[in-house]
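Engineer: can't give you the sequence, but here's the structure:
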């Protein structure tokens, strides 16, 4: 059976063998994994290109990374509040109501992104100073953050449209477009970062045009790639998608109380979690900043390298959100629980393998990232500390995707908050004065292991399924059904 046939099997209440469940998970997760890896490759490309300009340029980008994750995480939470509703409605076979939710989501989330971007732009001159950045890098860091803050609506539109496609079961198009964004980022970076120069290609001297903008050019390249991708992503979601094509019927973009209330119930805990975790990462940056430019650069590069290991986990997490969401919409609790457990085990396995690869290959990867030997050595050592926590980190990532698909975001978000603030930051503050950057990463490894254990316990107890009534439709769900089915 094809992936589309297997997805339809959820809605028509067909039987699944273990082999078919694994096949469907792999078919959904594989494109998403490649998309996640391509996204991280974009950061690799930025880091490598900026890294060639020296440690100060790398530190400028690294200093602002955690703050950009804050606003990016808020945009992601905005998107998921509506995308999870779409997954439930498609699982229930009500595509008309799914399109109604989708229309409303565009107006609400773009308004939110514009507001967040404006606030971020206003504080951008002061943020590098608040983060304890070296005076030598403050100006470049401010400009880098400002440009990406202005481009935030493009990121929001891309995230929302991509989430809609994935929750409808279409993983391929968002994946292809994210890979294309990576290619676009390379192209724009070559133009914006470096000056016009001569290169030798197969014995031919070629003039490559460039603007020589350095760190600012890296931000412009990323923003341009995001702008191109958001237009394509929205076209495929709102026009080309069979279940989500907004042109096939009429509907209002004006938000309704019921849809917005459901979205907020899902997205507010997620936004709170993203904010808490990202603020914790900012506090981590503040802890790292006094350790010097070498430590900041090594910390930034190590986070970028490690992210290549956990991106497959996020790919499986997105597949879990889609499968759990549609299974709940189709009123199939046993299938829901089966998909939840299988995707989580696969996440632990894949990220465990990634941890081994990170331990072995990190010296070679870091040599490509930066020519600074001190940065290389420090980054490799802290990555090898982190490698041991990857399997349990994978469990927390995928299990969280399961809970999101079920619309259960409050308690998991609180668990993440406790883990980051009570465990990671406390340990990092205690260990960094004695062990430097090593202490920060030891604290991180301990915290990720604890977080994974907590998520596995909650997943196994299956309390997150109890709030769903699988025996009858709620009044709201009846109201959502087309008139012909009432």
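Structural biologist: Everything's here; your move. Since the structure is predicted, the reported quantities are computational estimates derived from the model, not experimental observations. Numbers count the residues shown, from 1 in each chain.
Engineer: Using the three-state scheme, assign the nearest residue to residue 9 once chain neighbours are set aside.
Structural biologist: Excluding its sequence neighbours, the residue lying closest to residue 9 (C-beta to C-beta, 6 or more residues apart in numbering) is residue 16, at 6.6 Å. C-betas here are computed from N, CA, C, even on glycine. Following DSSP: H, G, I helix; E, B strand; the rest coil, residue 16 is assigned to coil.
Engineer: Does residue 16 touch residue 335 like I think?
Structural biologist: Yes. With contact taken as C-beta atoms under 8 Å, residue 16 and residue 335 are classed as touching, separated by 6.3 Å.
Engineer: doesn't residue 177 make contact with residue 233?
Structural biologist: Yes. Using C-beta under 8 Å, residue 233 is in contact with residue 177, at 5.4 Å.
Engineer: which neighbours do the two share?
Structural biologist: residue 162 (C-beta atoms under 8 Å, 6 or more residues apart in numbering).
Engineer: And residue 16 and residue 335? Which one has more around it.
Structural biologist: residue 335 (22 against 19; other C-beta atoms under 10 Å).
Engineer: element containing that one, please.
Structural biologist: Per DSSP states H and E, residue 335 falls inside helix 333-369.
Engineer: Tell me which helix or strand comes right after that helix.
Structural biologist: helix 373-386.
Engineer: relative orientation of that next one and helix 333-369 in degrees?
Structural biologist: 160 degrees (axes from the mean of the first three to the mean of the last three C-alpha atoms, to 10 degrees).
Engineer: Can you spell out which helices and strands pack onto helix 373-386?
Structural biologist: helix 293-329, helix 333-369, helix 437-461 (3 or more C-beta pairs under 8 Å, 6 or more residues apart in numbering; DSSP states H and E).
Engineer: Outside of it itself, list whatever touches it.
Structural biologist: 55, 58, 294-295, 297-299, 301-302, 305-306, 355, 358-359, 362-363, 366-367, 369-370, 437-438, 440-442, 444-445, 448.
Engineer: 6 Å instead, please
Structural biologist: For helix 373-386, contacts defined as C-beta atoms under 6 Å, 6 or more residues apart in numbering pick out 294, 297-298, 301-302, 306, 358-359, 362-363, 366, 437, 441-442, 445.
Engineer: what's the residue of the chain most remote from its centre sitting at in phi/psi?
Structural biologist: Residue farthest from the centre of the chain, counting by C-alpha atoms, centre = their mean, is residue 203 at 41.6 Å. Taking degrees, to the nearest 10, you get phi 90, psi 0 for the backbone angles of residue 203.
Engineer: Please report how far it lies from residue 99.
Structural biologist: 56 Å (C-beta to C-beta, to the nearest Å).
Engineer: With residue 4 instead?
Structural biologist: Between residue 4 and residue 99 the computed distance is 19 Å (C-beta to C-beta).
Engineer: The two: which is more packed in?
Structural biologist: Applying other C-beta under 10 Å to residue 4 and residue 99 shows that residue 99 carries more neighbours, namely 24 against 12.
Engineer: Next one: the closest residue to residue 62 other than its chain neighbours from residue 195, what distance?
Structural biologist: Take residue 62 and drop its neighbours on the chain: the residue closest to it by C-beta to C-beta, 6+ apart is residue 300, 2.7 Å away. Shown here: residue 300 relative to residue 195, a distance of 24 Å by C-beta to C-beta.
Engineer: Which residue of those two possesses the greater neighbour count?
Structural biologist: Between residue 300 and residue 195, counted using other C-beta under 10 Å, the more crowded position is residue 300 (29 against 12).
Engineer: Thank you kindly, that will do.
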